[in-house]
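> kindly generate the corresponding structure for this input.
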Amino acid sequence: QVQLVESRGGLVQPGGSLSLSCEASGIAFSQYAVGWSRQAPGKQRELVARISADDTIIYADSVKGRFTISRDNTKNTVYLQMNSLKPEDTAVYYCHATNRWTLVQKWGKGTLVTISS
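Purely as a prediction, here's the structure:
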């Protein structure tokens with residue numbers, strides 16, 4: 001059974017930092033591109049960051065220079081370090097994994113991140 005389990009989000013003040021993690025099970029993690037997307041209230045889901053199986057990284061323009069994605073294949077875990085958080089970063093953050101060969105995609109259930117003073 002494939003599972004992607006995100007760490008708990010939370011409430012952070014503007015300018016603060018938060019780290020998310022997502023642990024995968026039931027997949028050959030190293031053969032998957034993994035990433036984070038988010039969906040803010042009333043908006044479409046958008047890709048935040050993605051790291052491929054060969055460690056190629058892409059970021060949404062809105063988070064470049066503030067967010068850092070990384071992966072640890074020994075722990076089947078992908079991380080998202082979020083710094084200089086803004087109210088517009090408030091969203092449900094979803095972890096996802098895409099098989100590099102079949103393109104089958106799996107999603108976590110999401111975790112809420114709220115940026116507010």
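> centre-most residue in the chain?
Central residue of the chain (C-alpha atoms, centre = their mean): residue 36, 2.5 Å from the mean position.
> assign a three-state SS to that residue, would you?
Each residue gets one of three states, and residue 36 gets strand by DSSP: H, G, I helix; E, B strand; the rest coil.
> my guess is it contacts residue 92. True?
No: Residue 36 is beyond contact range of residue 92, at 10.8 Å (criterion: C-beta atoms under 8 Å). For glycine as for every other residue, the C-beta is placed from the backbone atoms N, C-alpha and C.
> picking up where we left off before, residues near the closest residue to the residue nearest to the centre of the chain other than its chain neighbours, how many?
With sequence-adjacent residues excluded and distances taken as C-beta to C-beta, 6 or more residues apart in numbering, residue 36 is closest to residue 48, at 4.5 Å. Using other C-beta atoms under 10 Å, residue 48 has 23 neighbouring residues.
> just how off-centre is the particular helix or strand that has residue 48 in it within its chain?
Element membership for residue 48 (DSSP states H and E) is strand 46-51. Its chain's C-alpha centre and that of strand 46-51 lie 7 Å apart, by C-alpha atoms, centre = their mean, to the nearest Å.
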